[in-house]
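In: whatever this is, show me its structure:
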Amino acid sequence: MTFNGWVQIAIYSLIIIAITAPLGGYMTRVFNGERTFLSPVLRPLERLVYLICGVNEKEEQHWTIYGVAMLLFSLAGFLSLYLLQRLQAGLPFNPQNLPAVGEHLAFNTAISFVTNTNWQSYVPETTMSYLVQMAGLTVHNFVSAATGIALAIALIRGFARRSAQSIGNFWVDLTRCTLYILLPISIVVGLFFVFEGMPQNLLPYTAVHSLEGAAQTIAQGPVASQEVIKMMGTNGGGFFNANSSHPFENPNALTNLVQIILIFSLGASLTNVFGRMVGDQRQGWAIFAVMGVLFLAGTTVAYWAEASSNPALAGLHIDQAASALQAGGNMEGKEVRFGIANSALFATITTDASCGAVNSMHDSFMPLGGMIPMLNIQLGEIIFGGVGSGLYGMLLFVIIAMFVAGLMVGRTPEYLGKKLESREVKMAILAILILPLSILGFTALVSVLPDGVAALNNSGPHGFSEMLYAFTSATGNNGSAFAGISANVLLYNTTLGAAMFIGRFLMIVPMLAVAGSLAAKKIVPISAGTFPTDGGLFVGLVVGVILIVGGLTYFPALALGPIVEHFAMHAGKLY
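Out: Next up, the predicted model:
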C-alpha cells in the first residue's frame, strides 16, 4: 500500500460526501412532484407520457397494487427482451450479421437485465447486435434502475407517512426517475465519455493488420451511451467482454474516476432523500455513516490483500515491493494504467453496489482480496448498494437492529416514531433470508452435478469459490464474476436465471409489505426511552447486526473457499 493510493481513495470518498446532499435534495424534489430547473423542458414530456399510457399522476396505489404494477412491467420487459434476442438475425442494425441468440442464453440474459443484474454468460461484441445492445440492454439499464429507485422511494414513504393506505404510484415514480434523473445525467456524461475517446457509432467492425501482419478485428459501436447508464444505474453489463478494463469502455484514469463516482452517486444520495422525506436529515447521514464504515473496511482489506506480495512467488526471488518503477503486489489480472489501489477500490465499489462492472479480473485477486467482493454482495449489497435496492436492503437491516435493541431494553422496538411489530420484523427477516437460501442452495446443487463441476477452470477451494461467487452475484443482482467459470451452458444459464429472479422479486414483495404496513401506522411521540437513531451508538449497532448476520450465514461457505485457499497458499500447498 502506498501514500498515493490512499490519497486517491480519500479523494474519491470526499467527492461522494460532497455530492450526496445536493443530488439528494434534487431527487427529493423530483419524487415529491415539486418544480426543478428541468421542469420547463421535461414537465410537458412527463404529461405526454401519462396521457399516452393512461396514467393519472394524482392517483396513488396501495402497496399490493404498486407491487403488481412493478411485476407486470418486469414481465413485459422480460418477454420483449427475450424476443428481441431470438429475432436478432432478421432485425436491422446488425452489420456483423450475428445470428439469433440461443434459447437458454436469451432466457438468462433477459432475466439478467430486467432484474438489474446484467450477468453476461456471453461475449457481447460477438453475440449481440447494435439493436439489441441499444433497444434491449441499454433500455433495460434505464428502466431496471428506475424500478429499484421507485421501490426505495415507496419504502421511504412508508416511514414518512402516517395512517396512509398508499405508498405512491409506481408509474409516476418510474417516469419521473427516468426523465428527471437518469436521462439528463446520462446525456451530459455520455458526451463527456465520447470526448474522452469512447466510440459512439453504428459502423461495422474494423478489420486491420497488426505490425506483425496478423489480421485483427476491432469491435466498436454505440458504447458511450451504454457505458454511462451501466455505471449510474449500477447495472454493470459491458458492451465488451473485458468490461471496464477495455480501453473503449474506460479509456483513462479520468474516465475511471467518473465511472466509480457514477456507481455510488445515486445510492449515496438516496440516504439524503431518506433523511429529507422523513423530516430529519441526520437520520439519512446516520445510514450514510453505516454504509461508509463498511465501505472503508472492505476497501482497506482488499487494498491490503492485493498490495501484499504473492506467497506463491516468494521462492522465486521476485521483487514484489512497490517502487517508482513498478506497482508491486499482485498485478495479475489488472490494468497497468489503473494499478493496485484503483483496482481494489473499483472491485469494492462495484460489489458494494449491485453494479458488476470490473476494471480488473476478480478471479485473479488474492484469496482474501477476492473474498471482499464476494462478501459485499452476500451482505445484500447494502453498502450504498444498487440504486434503490441498497437503501431498502439497509433499512430492512435497520428494522432487525431496532428489534434487537428493543429486546435488550425490554420495550417495543420503534424507528422514526413507527412501532415495529411482529409483521414488519417477520417480513424483514424473510426478505433477508431469501438471499442465503438461494446462494447456498444453488451452490450446493451445482457442486454435486457433473455439468456444474465440468464448467470450472480450477479445482479445489478456488473452484468452489467460482461457483459460490456466481450464485452470490446472480442472487445479489450484481453481475460480476470469478470469470474462470464457463457459465454459458444449460445448467448455469437456467439456475443462475432462477437465482436472479429470486434475489430481485422474492425480496421486493416482503419489502413492499413492510412499506405498506408502516405507512398505515401512526407516529408515536418521542419519549425518554426512545432509542436515538442519529448517533454513533445506532451506527455501531447496525454495523454489528449486519456483520453478525452475514458472518453466521456465510462463514462456513467462505471457509471452504477463499479462507482455505489463503492458508493453503501461505503453506505452499497450491501452485
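In: now the residue positioned nearest the centre of the chain, nearest residue through space, not along the chain?
Out: Residue closest to the average C-alpha location in the chain (C-alpha atoms, centre = their mean): residue 354, at 0.8 Å. Spatial nearest neighbour of residue 354, chain neighbours left out: residue 386 (3.0 Å); criterion: C-beta to C-beta, 6 or more residues apart in numbering. For the C-beta atoms, the positions are set from N, CA and C on the backbone; glycine is no exception.
In: just confirm that neighbour is within a strand.
Out: No - using DSSP: H, G, I helix; E, B strand; the rest coil, the secondary structure at residue 386 is coil, not a strand.
In: so which elements touch the helix or strand where residue 282 lies?
Out: Using DSSP states H and E, residue 282 sits in helix 281-307. Counting contacts by 3 or more C-beta pairs under 8 Å, 6 or more residues apart in numbering; DSSP states H and E, helix 281-307 packs against helix 3-31, helix 253-277, helix 339-352, helix 367-378, helix 389-409, helix 536-558.
In: out of those, deepest packed?
Out: Highest mean neighbour count of the helices and strands packed on helix 281-307: helix 339-352, a mean of 27 (counted as mean count of other C-beta atoms under 10 Å).
In: now that one, how far from the centre of its chain.
Out: 14 Å (C-alpha atoms, centre = their mean, to the nearest Å).
In: packing partners for it?
Out: helix 3-31, helix 253-277, helix 281-307, helix 367-378.
In: now do residue 404 against residue 137, distance only.
Out: 42 Å (C-beta to C-beta, to the nearest Å).
In: residue boundaries of the strands in the protein?
Out: In the chain, the segments counted as strands under DSSP state E are 206-209, 215-218, 414-415, 418-419.
In: which one of the ones you listed lies closest to residue 399?
Out: Residue 399 lies closest, by C-beta to C-beta, to one member of the strands of the chain: strand 414-415, at 6.8 Å.
In: residue contacts, the closest residue to residue 60 other than its chain neighbours?
Out: Nearest residue to residue 60, sequence neighbours excluded (C-beta to C-beta, 6+ apart): residue 166, at 3.6 Å. By C-beta atoms under 8 Å, 6 or more residues apart in numbering, the residues touching residue 166 are 60, 61, 62, 63, 519.
In: who wins for neighbours among the residues you listed?
Out: residue 63 (26 neighbours; other C-beta atoms under 10 Å).
In: my guess is that residue meets residue 155, correct?
Out: No - using C-beta atoms under 8 Å, residue 63 is not in contact with residue 155; the gap is 9.7 Å.
In: anything in contact with each of these two?
Out: Contacts common to residue 63 and residue 155, judged by C-beta under 8 Å, 6+ apart, are 167, 512, 515.
In: the closest residue to the first one other than its chain neighbours: how many residues sit nearby?
Out: Counting by C-beta to C-beta, 6+ apart, residue 167 lies nearest to residue 154, which is 4.4 Å off, once chain neighbours are set aside. Neighbours of residue 154 under the rule other C-beta under 10 Å: 29.
In: report pLDDT for residue 154.
Out: Predicted confidence (pLDDT) for residue 154: 93.
In: ok, it to residue 396 distance?
Out: 13 Å.
In: ok so, going back, among the helices and strands packed on helix 281-307, which comes closest to residue 55?
Out: Nearest to residue 55, of all those, is helix 3-31, at 15.6 Å by C-beta to C-beta.
In: distance from the helix or strand bottoming out on mean pLDDT in the chain to the middle of the chain?
Out: Here the helix or strand of the chain ranked lowest by mean pLDDT, DSSP states H and E is helix 564-570, holding a mean of 80. Offset of helix 564-570 from its chain centre (C-alpha atoms, centre = their mean): 29 Å.
In: before we move on, what about stretch 558-575?
Out: Distance of stretch 558-575 from its chain centroid, counting by C-alpha atoms, centre = their mean, is 28 Å.
In: in that stretch, what's buried?
Out: Residues 558, 560, 561, 562, 563, 564, 565, 566, 568, 569, 574 are the ones in stretch 558-575 that count as buried (16 or more other C-beta atoms under 10 Å).
In: what's the residue nearest to the first one when sequence neighbours are not counted in contact with, if anything?
Out: It refers to residue 558. Leaving aside its chain neighbours, residue 558 sits nearest to residue 371 (6.1 Å; criterion: C-beta to C-beta, 6+ apart). Going by C-beta under 8 Å, 6+ apart, residue 371 touches 558, 561, 562, 563, 566.
In: lowest pLDDT pick from the residues you listed?
Out: Least confident of the contacts of residue 371 in the model: residue 566, at 79.
In: hmm, residue 369 and it touching each other?
Out: No - counting by C-beta under 8 Å, residue 566 does not reach residue 369; the two are 9.5 Å apart.
In: wait, what's in contact with the closest residue to residue 99 other than its chain neighbours?
Out: When the adjacent residues along the chain are set aside, residue 99 lies closest to residue 89, with 5.1 Å between them (C-beta to C-beta, 6+ apart). Contacts for residue 89 (C-beta under 8 Å, 6+ apart) come out as 97, 98, 99, 100.
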